[in-house]
Each structure stands twice: as structure tokens, then as C-alpha cells.
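In: turn this into a structure:
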Amino acid sequence: MSTNDNDTRGFVPEHTPRMEWAKLAPDVYKAMWQLEQAARKGLDSSLYHLVKIRASQINHCAFCLDMHTKDALAEGESVERIIQLSAWEESKHFYTRKEIAAIELTEAVTVLTDGFVPDEVYERAAEFFEEAELAHLIAGITTINAWNRFSVATRKVPGHYKPAGARS
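Out: Residues are numbered from 1 along each chain as shown. Alright, predicted model coming up:
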């Protein structure tokens, strides 16, 4: 998207980030990165992208949505499944039962104020994930929620991220 003043479409200019928290708190950033790497071990990459995207949608984290949708697309995820993710309850046929269980758990962990994680949501996830895999999934959901909060609080600007293979 262009932010050029001569652009006839009239896009609003990018906002200014509040701070570069990773540079100001490098030890925290490194610890978050290590948590990210540890959490994703043993999880299917496609499923993990869906979890990151869904949590980021709920948290209204535009920076993380930009990043994780681009990463998912770069790894072969379909545009259709990404688009339908915000309305997954009406488009379950795009996802496996295991993915749906992970998406439900993502929503429950992300929105704890809606009554914590209901037993039925946890039990459904436990049907599809071995215990260690479920622990990593919960860690991954927790991690993306933390990334979202850092990005939203510091107003990271979306639109400039390029997946690893596309960087120049």
C-alpha cells in the first residue's frame, strides 16, 4: 500500500511507533524469542500459523497479522483458509478437527475474561494432541499473546514485514 501524499485513494498515513521495545529491552526480546522457539517444537507449522493468526485477530494486532499471514502464505497456506479463519465457526469445513480444537483452545486461552478455559474446550484439544504436544500448543498460544501485547502496546507498524525467503 502506498502512503504517498499524491495517492488518489487517500490512504491514512502510517502511525508512529511508540518505541522500539526490542532494542530497549534486548534481554526480554531474546527471552521471548527463546520461548517462541521452545514452544513451537513438535507442533505442525501450518497449525501453529493458524493459532498465531487467530490470536492476533482476537487481539487486534495488525503487526502480527501482517507477519504471520505472510509467513503462512510463504509456507504454502491457502489464502482461503486464512480469510475464513475469523469466521471459522461457520466455515469449519476448511479445517481439520485437530485444527478446530487448536483454534477453540486459542480463543479460550486468549480471552480468559470470558470464563477461563472451559473443560469441554480443553478436553476436545486433549483428544487430538498428545500431552506434550498440548503443553507446547498452550505455550505457543501464550507466546503469541505476549508478542501481540508487546506489538499493540508499542504500536508496531504493519505492512513492512517480509518472510525469511522473501527478504532482500
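In: mind listing what's buried in the helix or strand hosting Asn148?
Out: If you go by DSSP states H and E, Asn148 is part of helix 131-154. In terms of neighbour count (16 or more other C-beta atoms under 10 Å), helix 131-154 has its buried residues at 133-134, 136-141, 143-145, 147-148, 150-152, 154. Using the backbone N, CA and C atoms, a C-beta is placed for each residue, glycine as well.
In: quick check: Ala55 touching Ile103?
Out: No: contact criterion C-beta atoms under 8 Å: Ala55 and Ile103 do not qualify, at 9.6 Å.
In: so the two - more neighbours on which side?
Out: The neighbour comparison of Ala55 against Ile103 (other C-beta atoms under 10 Å) goes to Ala55, with 27 against 22.
In: show me what contacts that one?
Out: Neighbouring residues of Ala55 by C-beta atoms under 8 Å, 6 or more residues apart in numbering: Cys64, Thr106, Thr110, Ile141, Ile144, Asn145, Asn148.
In: mind doing that once more with 10 Å?
Out: 61, 64-65, 68, 103, 106-107, 109-111, 140-145, 147-148 (C-beta atoms under 10 Å, 6 or more residues apart in numbering).
In: could you check the pLDDT of it?
Out: Looking at Ala55, its pLDDT is 98.
In: so the residue nearest the centre of the chain: helix, strand or coil?
Out: Closest residue to the average C-alpha location of the chain: Lys52 at 2.1 Å, with C-alpha atoms, centre = their mean. Under DSSP: H, G, I helix; E, B strand; the rest coil, Lys52 falls in the helix class.
In: good, we can wrap up now.
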